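Novice: here's my sequence, what's the structure:
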Amino acid sequence: MRRARRTKILATLGPASENPEMVAKLFQAGADVFRLNMSHLPREKLRERVQMIRSVEEKFKRPIAILADLQGPKLRVGAFAGDSADLVKGQAFTLDSDKTPGNAERVHLPHPEILSSLEIGHTILIDDGKLRLRVTDVRDGAAVTEVEVAGKIMNRKGVSLPDTTIPVAAMTDKDRSDLEAALDAGVDWIALSFVQRPEDVAEVKKVAQGRALVMSKLEKPQAIARLDEIIEISDAVMVARGDLGVEMPLEKVPGIQKRIVRTARKLGKPVVVATQMLESMITSPVPTRAEVSDVATAVYDGADAVMLSAESASGQYPIEAVTTMNRIAEEIELDYSYWSILQAQSAEPEATGSDAIAAGAHQIAETLNLKAIAAWTFSGSTVFRLARERPNSTVIALTPNINTARRLALVWGVHPIRTKDASDVDDMAFRACKFAVREGFSQISDRIIIVAGVPFGTPGATNMVRIAFIGQEHAAKA
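Specialist: Numbers count the residues shown, from 1 in each chain. I've put the predicted structure just below:
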């Protein structure tokens, strides 16, 4: 099943889409990656979901990527006497370590690490920003604030701290257990929430040990302040606009989105744009015009993937949402300006052999107007560098490693195929041509570019570019 677009679609599974029939329909509609949200999925059901997706993968004979999204720490206020309190603008309100039920003057904050990190002038957001407090005094085990945006505060509402770097790891005990379960179940990508610093990502990668790649969710101002460092250590990143839009002024989010996408592209790391992309389709069979423009903007920017959350997990129209996103991406990629925008944002190749090979293959394919670049790869690193170039030619990733094929299902413009490794240079060229014809990317008399490493089976040894001519014999064997 070849796609008529380069941008990938990531669909979240949930109550509306957790049976094999629906997963198969979502894949047929255009989903390339399935997200399992560990905030809602019980750990004991994780392996069952993974096996269900693998059964769909087997049915369609196409690699499918699975992303396990860790919940991350959830910061919340304590409980109130009467379950809520009304805060008035300008009043003093204290967050403290006293477990007594709260009232209109104070409430317990069951996170001592926050109380020890707050400083005068810091902003505290409650309930997704519906209430805003400003710290006016910090005492032992308490922070006194002034209410700037008033309203009703209720039990266990979430706390966001846009100005405060919290000395807490991005992974909770629940996340560590979920991470081990996800790795044991064989997921391909791990999404890490609440990333503030590169060390957060390093901790997960140390546990994963290459069994899955790590995607950093960029949703904290502290992460944006260290953006290059975090993207450099990550295998991929996600523009998590939900929490980002709570902790930063909403008008800053579009610019930050573009900055993240461009930085990730420059560094050759896949980037996903997420949150509320087709939000109205949770209850409507058609999106708003603004939502269509939102998806289109991410595609024009060259994002590797666009993501559906509740639209496919719990909405009334999950298939229609994926179909709509698929149509939008296909249409944008037919626009002439799409390619000019991508090329205007292209980065200079780094001074490495793999970057030089990738840039050279892209230039040859563009000069000769070739439809496909066939890349033999074991780890996938060659294909990541090719995708960084954003070539107008489809990148056919040929790999003997099924894990690599699945991971590459997330990457822009890549059509992954699992096959046995090439035995020699002639076999490499012959089978690359055969797959280009069989998968519908090339025809007899076409030429393709082949990228590989010699000797074969040596990860990271990409050192060869070859132009191959497709003849009758390739069609006959296809």
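Novice: could you use CA atoms for every contact and neighbour count after this?
Specialist: Fine.
Novice: can you list the domain ranges for this protein.
Specialist: As assigned by automatic domain parsing, the chain contains the domains 8-72+170-335, 84-160, 353-477.
Novice: these two touch, right, Gly14 and Gly315?
Specialist: No - between Gly14 and Gly315 there is no contact under CA atoms under 8 Å: 9.1 Å.
Novice: who touches both of those two?
Specialist: Counting by CA atoms under 8 Å, 6 or more residues apart in numbering, Gly14 and Gly315 have no contacts in common.
Novice: return the member of the domains of the chain having the minimum mean pLDDT.
Specialist: Out of those, domain 353-477 stands lowest, with a mean of 92 (criterion: mean pLDDT).
Novice: chain center to that domain: distance?
Specialist: 24 Å (CA atoms, centre = their mean, to the nearest Å).
Novice: same question, stretch 351-369
Specialist: 26 Å.
Novice: quick one: residues in contact with it.
Specialist: Stretch 351-369 is contacted from outside by 349-350, 371-373, 382, 385-386, 389, 391-393, 448-449, 451, 460-465, using CA under 8 Å, 6+ apart.
Novice: ok, now with 6 Å
Specialist: Contact partners of stretch 351-369, identified using CA atoms under 6 Å, 6 or more residues apart in numbering, comprise Pro349, Leu386, Pro391, Thr462.
Novice: burial measure for the first one, as a count.
Specialist: In other words, Pro349. Using other CA atoms under 10 Å, Pro349 has 20 other residues around it.
Novice: and if you look at the second one?
Specialist: Leu386 has 27 neighbours, counted by other CA under 10 Å.
Novice: what sits up against the host helix or strand of it?
Specialist: When elements are defined using DSSP states H and E, Leu386 is found to belong to helix 381-388. Identification of contacts with helix 381-388 by CA under 6 Å, 6+ apart yields Arg265, Gly268, Ala358.
Novice: spatially nearest residue to the second one, not counting backbone neighbours?
Specialist: Okay, so that is Gly268. The shortest distance from Gly268 to any residue other than its chain neighbours is 5.0 Å, reached at Arg388 (CA to CA, 6 or more residues apart in numbering).
Novice: repeat for the first one
Specialist: Of all residues not flanking Arg265 in the chain, Arg388 sits nearest, at 6.0 Å (CA to CA, 6+ apart).
Novice: and for Met171?
Specialist: Setting aside the residues directly before and after it, Met171 is nearest to Gly72 in space (CA to CA, 6+ apart), at 5.5 Å.
Novice: what does Asp421 give?
Specialist: Pro400 (5.4 Å).
Novice: that neighbour against Lys420, yeah?
Specialist: Yes - using CA atoms under 6 Å, Pro400 is in contact with Lys420, at 4.8 Å.
Novice: between these two, who's got more neighbours?
Specialist: Neighbour tally, Pro400 and Lys420, criterion other CA under 10 Å: the higher count belongs to Pro400, 18 against 10.
Novice: the more buried one and Leu13: what is the separation?
Specialist: Taking CA to CA, to the nearest Å as the criterion, Pro400 is separated from Leu13 by 28 Å.
Novice: tell me where the stretch 1-150 of the chain has strands.
Specialist: Assigned by DSSP state E, counting those that start in this stretch, the stretch 1-150 of the chain shows strands spanning 8-13, 33-37, 65-69, 84-87, 92-96, 106-108, 123-126, 131-139, 142-149.
Novice: same check, this time on the stretch 151-300 of the chain
Specialist: Ranges of strands in the stretch 151-300 of the chain, per DSSP E, counting those that start in this stretch, are 151-154, 159-160, 189-192, 213-218, 236-240, 271-274.
Novice: and the contacts of the last one?
Specialist: Right, the one you point to is strand 271-274. With contact meaning CA under 6 Å, 6+ apart, strand 271-274 is reached by Ala236, Val237, Met238, Val239, Ala240, Ala303, Asp304, Ala305, Val306, Met307.
Novice: same question for the first one.
Specialist: Taking contacts as CA under 6 Å, 6+ apart, the residues outside strand 151-154 that touch it are Asp83, Ser84, Ala85, Asp86, Leu87.
Novice: swap in the longest one?
Specialist: Residues lying outside strand 213-218 but in contact with it, judged by CA under 6 Å, 6+ apart, are Trp189, Ile190, Ala191, Leu192, Ser193, Asp235, Ala236, Val237, Met238, Val239, Ala240.
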